[in-house]
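>>> Need the 3D shape of this:
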Amino acid sequence: MKLKLITFVAFLMIMFLTATVYANDVGASAHKSLQPDEVELFADNFFQNALEEYNFPGAVFIAVENGEVIFARGYGYADLENSIPVDPEKTMFCAGSVGKLINWTALMQLYEAGKFDLNDDINLYLKNLRIPETFPEPVTFHHLLTHTPGFDDRNTAATPDSLEQLLPLDEYLAWTLPVRLRPPGQVTQYSNHGAVISGLLIEDISGLPFDQYVEQNIFKPLGMNYSTFSQPQPDRLLPHMATGYHNINGTHIAQPVRIANVMPAGMGYFSGLDMAHFLIAHLQLGEFEGKRILEEDTATLMHQTHFNNDPRLPGMAYGFIENYKNNRHILWHTGTSPDFHSLLVMIPEEDSGFFFSMNMIDQRVSSKLLQDFMSYFYPVELEDLTPAPSDPDYAAQYAGVYRTNWHAHQTLEKLAVLGRDVLVSANSDGSLMIRFENSPETRWIRTDENLFRKESTDEYVSFAVDEKGDAYRLHQGSRPILAYEKIAWWETTALHISLQAAVISIFVSILIAALIGRFKRRKAEKVEQDSGPARTARLLGNLTCLVHPLFILGFLAIQMQVVSGNFDLLFYTVLTLPVILTVLSLMITIYAAIAWRKSFWGLGGRVHYTLLAAAALANSWFLFYWNLVGYRI
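Now for the predicted structure:
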């Protein structure tokens, strides 16, 4: 009882600190009920424009309030080829990571039943898997639920191509469990493997397969008749599953039904109305139409803030992501599977929310939908900010390049983060310019120590600083599931792209010189032959310049095989090329030294070959940095 009281008081303090930041800058607004006709007007207008602007095949949108579905409608097509429209009651979309909320809810049911304590070491409950004791602190249920277990990211064989490649959860995790990068509970880093481990814990504790457990304990009580985590999907549901699409140059290409070894992390299929039932159950603190999936205390605990990267910013509830929009506290989760994109939003103080899913990936749609929905139904007047007088040197401490911590650090998948740098620069008035991954640059104004608000919006960022006052981490209020780490100049995308451009230019120049030399030798009446070592040096150089583009083309061809788990001969052949390039770079460096010692060729030839050696060594460093040497999958 004492522990519960302390937890409740701590929760109130965190909520007060977080809410104060947002409430200070946003005008107060009265409760406004959602009127079905207004929701219809909003939704019809939004999706009519969105279908045209973003060119996606179909979508479902449902809105709930006060325990009732007040609007549900499908837009566009679930199946373009057969002209099957989206039915909000029966059409099933793969909701991606929104399905994690069902996973976390199931785990909290077992907590409610007294099967474990949230601060228990999960190794105590795993039967055929053990989390390495990399750090003294164990990974607990609390860490899994808040995305703070400290695991690296890894997608090896996440979505195989055939049912024969599906593995039991314990076998899959034993094969692909990422390393532990840091002690748990330090900072958020979104973890799909953490959710898969949660699914395995549900199996080990309940004695039921994950899909059967959620079917019996969540889907049936909530009347979710068009929902499943089963693989393959039940025959009765196959006719209702929306087709996923990729938009290739304006043409929609149908994709097959996906299967996943990471199924508990978000590969369930749900209809819009089914997710409305789930949404209402959480808004009603565990109850839907007289049936309970959670007790009120458990649901309340699940919705509370349990971790913040910065207590002034939104954080993580258990499973739900926290945010503040238009002076409203929202709990939400987005989801992206290979061919679908979804968003679930709860606004507890308004007892309202919505669910959206589309059968194509375009995250701009969900971002715009959330912003437009909140502005339309819960408008506020945002207070304009003027930067306070500030020393430009003060703002300069935050300037630099940052990188999301949600990426693979130890495997070749690290290359996926190339090009996703976050750039921060300081203005003379003390404000900052920030360009997040693939987004336009925006201006941020200081409101508190190490805290900045985006100009003309209610979004915040904060910085963690060291004892010298230098920033080393950036926290984005709208994305509390991760953090951005400051990186050195030699890790930046600009440096690595420039390096590869220089390497390729030198390699191409070597090949051109080789072709010119060969042409001249054919034309010449008397040809002076290179010595044996000189010929070997040329051969090694030319070989390096040919293997490098071969690897680039090969890697582009096999990159998706990491996710599918199809590690065939071509896959390993391509990954052998960086090893060959590394060996060649060392040999070329040795021959460059020999060339100078024995005066191979002319001065220009020796300089050119030395540049080749430098480029080959730089390229080897590039390959090692991105984990491309050594079959690191």
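>>> Give the burial count for the closest residue to residue 142 other than its chain neighbours, as a bare number.
Leaving aside its sequence neighbours, residue 142 sits nearest to residue 118 (Cβ to Cβ, 6 or more residues apart in numbering; 4.7 Å). To be clear about C-beta, it is placed using only N, CA and C from the backbone, and glycine gets the same treatment. Neighbourhood size, residue 118 [other Cβ atoms under 10 Å]: 16.
>>> can I assume residue 118 is in contact with residue 141?
Yes. In this structure, residue 118 is within contact of residue 141 by Cβ atoms under 8 Å, at 4.8 Å.
>>> Can you give me the pLDDT of the residue nearest to residue 142?
Residue 118 is assigned 98 on the pLDDT scale.
>>> and it, which of the three is it?
Look at residue 118: counting by DSSP: H, G, I helix; E, B strand; the rest coil, its state is coil.
>>> about what we covered before: find the residues that touch each one of residue 118 and residue 141.
residue 111 (Cβ atoms under 8 Å, 6 or more residues apart in numbering).
>>> which stretches of the protein have low pLDDT?
1-32, 388-391, 524-529 (pLDDT under 70).
>>> So for it, the centremost residue is which one?
Centroid check for the chain by Cα atoms, centre = their mean gives residue 406 as the closest residue, at 6.1 Å.
>>> tell me the contacts of it?
By Cβ under 8 Å, 6+ apart, the contact set of residue 406 is 153, 189-190, 481-482.
>>> Likewise for residue 112?
294-295, 298.
>>> picking up where we left off before, show me the contacts for the residue nearest to residue 142.
Counting by Cβ under 8 Å, 6+ apart, residue 118 touches 111, 140-142, 145.
>>> Please produce JSON lines containing those, extended by distance to residue 195.
What follows is the contacts of residue 118, written out as JSON lines (distance: Cβ to Cβ, whole Å):
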{"residue": "111", "distance to residue 195": "16"}
{"residue": "140", "distance to residue 195": "15"}
{"residue": "141", "distance to residue 195": "12"}
{"residue": "142", "distance to residue 195": "14"}
{"residue": "145", "distance to residue 195": "10"}
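>>> so which of these is the most crowded?
Within the contacts of residue 118, most neighbours by other Cβ under 10 Å means residue 145, with 27 neighbours.
>>> Please report the distance of that one from residue 124.
Distance from residue 145 to residue 124, counting by Cβ to Cβ, to the nearest Å: 16 Å.
>>> Tell me where the stretch 301-450 of the chain has strands.
Along the stretch 301-450 of the chain, counting by DSSP state E, counting those that start in this stretch, strands occupy 321-325, 328-336, 341-347, 352-358, 400-404, 422-426, 432-435, 442-448.
>>> right, and the ones you listed - which one's nearest residue 236?
Checking the strands of the stretch 301-450 of the chain against residue 236 by Cβ to Cβ gives strand 352-358 as the closest, at 20.5 Å.
>>> Any buried residues in the closest one, and which?
Neighbour counts over strand 352-358 (16 or more other Cβ atoms under 10 Å) mark 352-358 as buried.
>>> Identify all contacting residues around that strand.
By Cβ under 8 Å, 6+ apart, strand 352-358 touches 34, 56-66, 93, 95, 98, 270, 272, 275-276, 279, 283, 340-347, 365-366, 369, 373.
>>> Now do that strand: distance to the chain's middle.
From the chain centre to the centre of strand 352-358 is a distance of 20 Å (Cα atoms, centre = their mean, to the nearest Å).
>>> ditto for stretch 436-445
On Cα atoms, centre = their mean, the centre of stretch 436-445 falls 18 Å from the chain's centre.
>>> Stretch 123-137 too?
25 Å.
>>> thinking again about what came up before, turn the contacts of residue 118 into CSV, including secondary structure.
Shown next, in CSV, are these (three-state DSSP):
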residue, secondary structure
111, helix
140, strand
141, helix
142, helix
145, helix
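>>> ranges for the helices of the stretch 401-550 of the chain?
Using DSSP state H, counting those that start in this stretch, the helices of the stretch 401-550 of the chain run over residues 493-523, 532-558.
>>> and the shortest one, what other elements does it pack with?
In this case it means helix 532-558. Helices and strands touching helix 532-558, by 3 or more Cβ pairs under 8 Å, 6 or more residues apart in numbering; DSSP states H and E, are helix 493-523, helix 569-598, helix 603-625.
>>> Quick check: buried residues in it?
Buried residues in helix 532-558 (16+ other Cβ under 10 Å): 534, 537-538, 540-542, 544-545, 547-548, 551, 554-555, 558.
>>> Same check on stretch 408-426?
408-409, 411-415, 417, 421-424, 426.
>>> distance between the ends of that stretch?
Distance between the two ends of stretch 408-426: 30 Å, counting by Cα to Cα, to the nearest Å.
>>> Tell me how far it lies from the chain's centre.
Using Cα atoms, centre = their mean, the offset of stretch 408-426 from its chain centre is 12 Å.
>>> distance between stretch 94-105 and the chain's centre?
15 Å.
>>> Please export the C-alpha coordinates of it as PDB.
Extracted in PDB, the C-alpha atoms of stretch 94-105 (Å, rounded to 0.1, in the frame of the first residue of the first chain):
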ATOM      1  CA  CYS A  94      -1.900  -4.900 -40.600                       C
ATOM      2  CA  ALA A  95      -1.600  -2.300 -37.800                       C
ATOM      3  CA  GLY A  96       2.200  -2.700 -37.400                       C
ATOM      4  CA  SER A  97       3.500  -1.600 -34.000                       C
ATOM      5  CA  VAL A  98       0.100  -0.500 -32.900                       C
ATOM      6  CA  GLY A  99      -0.400  -4.200 -32.200                       C
ATOM      7  CA  LYS A 100       2.300  -3.900 -29.500                       C
ATOM      8  CA  LEU A 101      -0.400  -2.300 -27.400                       C
ATOM      9  CA  ILE A 102      -2.300  -5.600 -27.400                       C
ATOM     10  CA  ASN A 103       0.900  -7.300 -26.500                       C
ATOM     11  CA  TRP A 104       1.600  -5.000 -23.600                       C
ATOM     12  CA  THR A 105      -2.000  -5.200 -22.400                       C
END
